[in-house]
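Colleague: How does the following fold in three dimensions:
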Amino acid sequence: MAQSGYLGWVGGGWWQGLARLFARRARAGGGEWRGIFGRRHEEHIVTPEIHAAPVAHPIAPASRPAFAAPPPTPIADRVRRLKRRAAIDMFDQVGLAPIPGQLWRFVDAEADPFEGVGAFLRALGLNPAAIRARDAHELGRANAVLELLYTIDHVFDRVAPPVAAALEARLGSGDYEAVRAAAEVTQTFERIARLEARWPAQHRLAVLGAFLDDVRGGIADPLGVPGHVAAHAQQVADELGRQMGALDVELREGAALHQTLLRRWPAAWDRTGEGNARARAEAETADAHRQLLTNAGLRHTEVEALIGRIRGANDVLRRLLGALEGEAPSPVKSEAEMALAFFGFPPFARPDAATLTARFRQLARATHPDLAPPDEAAAAHRRFVELNAHYEVLRAGLVA
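Modeller: Numbers count the residues shown, from 1 in each chain. A predicted model of the protein is given here:
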C-alpha cells in the first residue's frame, strides 16, 4: 500500500521501509562492553540537541591579573599527559598516523601506555607485534582504519551502544566501507537535524516535526539505514526547508499588513464589504496556519495549498490597505521577486549557483547575529532568518 501523508510524496513508500529498519535496532546483549566507542550497553541514549549559533556578548573583564602563574597541575594530569606523549612517540616510531580520539580511552585505562596502545590496536583487529616489526601490509591496514576513525571521530557520539559494538566489529573485520557508509548516513541526518535550531517547535510545520523525530532514530542507528534512504531524507528536508521559508515570509508580511491596517482602519468600515473581506482574510490565515502547525499527516500538495491560502489572504489585506490610501494596490510580488530584491539582484535575473552562493556568503557575513552589537542582536537574528528563507527560494529555483 502506498505511503500516505507528506512523506508518501517522496518516492513510493520508502519511509515505511526506513521505519521498519529503525524498529529492528539490535538490543543490548547483557554484560558490560566498553570498546572503541566507549559506552556500556545499559547507558541511556541522549536525544540529540542542535543549538543555534550563540549571540555575541562583550568580552568579560579578566578574572585574574595578566601574566599570573597558572595553578599547579595535579599529579594525575601530569601522568596522563606523559602517557599520551609516550603513545604519540610509539605511533611516530612505526609510522602510524593520524591519531584518533578513541586511542586515549585505552591509554588512560592502562598503567603502561605500551599496553594501552596494544589493546587499542587489537580492538581494531590489528596485530600489534606485526606493527612493531614494521610489517608493510599490517601498517597499511592500520593506517587505513586510523584515517577512517580520525575522519569520523565525532560522528558516532550518539549511536546506540549495540550499534557501536557492531561498528567496532566491522572495523575489526576490516569492513571499512560499511563503517564509512554509516558515517555518511549519520552526517546527513545530523545536517537535517539542524533544522530544529532554525525553526523552534512552536513555529514548525507539523510534518517537519514528525520528520525530525524519525531522523533522530536514524542518527542512533546509521547501520540500519541504506544510503539511498538517507539521500531521499535529504530531499525531503530540502523541500520542507523551502516550505518553512515560504511560510515565514508570508506570515511576516501578513503581520505587517495587519498592524498597518489596525492603525489606519476606519470604524465605519467594520460593517461594510471591506470589513467582511478583512475578517475573512484574517480567519483564512489563522485556519491555514493552525492546520500547518498541528496536522502531521498533510501531503506535500496540501502544505503548498495552505501556504497559498495565507498568500491569498495577504493579497486581500494588501488591496484593502491600497484602498485606504486611495491608491491602486501595488502589484503582488512573487517569492522569487522578493528574494531577488533582498539579494540585490535585478528583477527577472537568474543567477547561477556560484553567483548565488557567493552573494549569500557575503550577506551572511554582513548580517550574522554573532557580529551584531548586543542591542541589535534580535533584529540581526530576524534578518539572518529572512536571508536563509530567501536563499532557499532562489536555490529551489535553480533546480526547478
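Colleague: Every contact and neighbour count from this point should use C-alpha atoms.
Modeller: Will do.
Colleague: Can you report how many residues lie near Gly224?
Modeller: As a burial measure, Gly224 scores 22 neighbours (other C-alpha atoms under 10 Å).
Colleague: likewise Leu371?
Modeller: Neighbours of Leu371 using other C-alpha under 10 Å come to 15.
Colleague: Quick check: the gap between it and Arg359.
Modeller: 18 Å (C-alpha to C-alpha, to the nearest Å).
Colleague: can you check Gly95 too?
Modeller: 45 Å.
Colleague: Tell me which residue is most central in the protein.
Modeller: In the chain, the centroid-proximal residue (C-alpha atoms, centre = their mean) is Arg194; its distance is 2.1 Å.
Colleague: what about that one, distance to Leu320?
Modeller: Distance from Arg194 to Leu320, counting by C-alpha to C-alpha: 39 Å.
Colleague: go on, Arg170?
Modeller: Distance, Arg170 to Leu320, by C-alpha to C-alpha: 66 Å.
Colleague: Comparing the two, which residue is more hemmed in?
Modeller: Leu320 (22 against 17).
Colleague: Check the average confidence over whichever strand or helix holds Met338, would you?
Modeller: Taking DSSP states H and E as the criterion, Met338 maps to helix 335-343. Per-region confidence: helix 335-343 scores 81 on mean pLDDT.
Colleague: what does stretch 293-304 give?
Modeller: Stretch 293-304 shows a mean pLDDT of 89.
Colleague: residues of it that come out buried?
Modeller: 293, 296-300, 303 (16 or more other C-alpha atoms under 10 Å).
Colleague: Quick check: of those, which lies closest to Gly245?
Modeller: Val303 (12.6 Å; C-alpha to C-alpha).
Colleague: OK, contacts around the closest one?
Modeller: 243, 292 (C-alpha atoms under 8 Å, 6 or more residues apart in numbering).
Colleague: What distance do you get for it to Phe114?
Modeller: 60 Å.
Colleague: Kindly report the same for Val236.
Modeller: Relative to Phe114, Val236 is positioned 49 Å away (C-alpha to C-alpha).
Colleague: quick one: which of those two has more around it?
Modeller: Val236 (20 against 14).
Colleague: sec struct for that one, please.
Modeller: For Val236, the assignment made with DSSP: H, G, I helix; E, B strand; the rest coil gives helix.
Colleague: Would you mind measuring from it to Leu208?
Modeller: Val236 sits 9 Å away from Leu208, going by C-alpha to C-alpha.
Colleague: what does Leu124 give?
Modeller: As judged by C-alpha to C-alpha, Leu124 and Leu208 stand 39 Å apart.
Colleague: More neighbours: which of the two?
Modeller: Neighbour totals were compared for Leu124 and Leu208, and Leu208 leads with 24 against 21 (other C-alpha under 10 Å).
Colleague: Touching, the more buried one and Glu239? I think so.
Modeller: No - in this structure, Leu208 is not within contact of Glu239 by C-alpha atoms under 8 Å, at 10.0 Å.
Colleague: Which parts of the protein belong to which domain?
Modeller: Domain assignment of the chain by automatic domain parsing yields the ranges 11-48+158-332, 334-400.
Colleague: what's the closest of those domains to Arg84?
Modeller: Taking C-alpha to C-alpha, domain 11-48+158-332 is the member of the domains of the chain nearest to Arg84, at 16.7 Å.
Colleague: centre of the chain versus the closest one, how much separation?
Modeller: The chain centre lies 11 Å from the centre of domain 11-48+158-332; the measure is C-alpha atoms, centre = their mean, to the nearest Å.
Colleague: low-confidence ranges in the stretch 1-150 of the chain?
Modeller: Within the stretch 1-150 of the chain, the segments meeting pLDDT under 70 span 1-73.
Colleague: all helices for it, in order.
Modeller: 14-23, 75-94, 103-109, 113-123, 128-132, 136-151 (DSSP state H, counting those that start in this stretch).
Colleague: Tabulate the ones you listed in CSV, adding columns for distance to Thr272.
Modeller: Output for the helices of the stretch 1-150 of the chain, formatted as CSV (distance: least, C-alpha to C-alpha, whole Å):
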stretch, distance to Thr272
helix 14-23, 50
helix 75-94, 79
helix 103-109, 76
helix 113-123, 80
helix 128-132, 88
helix 136-151, 67
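Colleague: among those, which is nearest Phe189?
Modeller: Once the helices of the stretch 1-150 of the chain are compared by C-alpha to C-alpha, helix 14-23 is nearest, at 12.9 Å.
Colleague: thinking again about what came up before, looking at the helices of the stretch 1-150 of the chain, which is nearest to Arg311?
Modeller: With C-alpha to C-alpha as the criterion, Arg311 lies closest to helix 14-23 of the helices of the stretch 1-150 of the chain, at 30.5 Å.
Colleague: how about the helices of the stretch 1-150 of the chain, which one is nearest Leu251?
Modeller: Here helix 14-23 is closest among the helices of the stretch 1-150 of the chain (C-alpha to C-alpha), at 30.2 Å.
Colleague: mind exporting stretch 207-227 as PDB, just the C-alpha atoms?
Modeller: Taking C-alpha atoms only, stretch 207-227 is exported to PDB below (Å, rounded to 0.1, in the frame of the first residue of the first chain):
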ATOM      1  CA  VAL A 207       5.100  17.400   9.100                       C
ATOM      2  CA  LEU A 208       8.600  18.800   9.700                       C
ATOM      3  CA  GLY A 209       8.300  17.900  13.400                       C
ATOM      4  CA  ALA A 210       7.300  14.300  12.600                       C
ATOM      5  CA  PHE A 211      10.100  14.100  10.000                       C
ATOM      6  CA  LEU A 212      12.700  15.200  12.600                       C
ATOM      7  CA  ASP A 213      11.500  12.600  15.100                       C
ATOM      8  CA  ASP A 214      12.300   9.900  12.500                       C
ATOM      9  CA  VAL A 215      15.600  11.500  11.700                       C
ATOM     10  CA  ARG A 216      16.700  11.200  15.400                       C
ATOM     11  CA  GLY A 217      16.100   7.500  15.100                       C
ATOM     12  CA  GLY A 218      18.400   7.400  12.100                       C
ATOM     13  CA  ILE A 219      21.100   9.100  14.000                       C
ATOM     14  CA  ALA A 220      21.100   6.400  16.700                       C
ATOM     15  CA  ASP A 221      21.200   3.500  14.200                       C
ATOM     16  CA  PRO A 222      23.100   4.500  11.000                       C
ATOM     17  CA  LEU A 223      23.900   0.900  10.100                       C
ATOM     18  CA  GLY A 224      20.200   0.200   9.600                       C
ATOM     19  CA  VAL A 225      19.700   3.000   7.000                       C
ATOM     20  CA  PRO A 226      20.700   2.400   3.400                       C
ATOM     21  CA  GLY A 227      22.500   5.300   1.700                       C
END
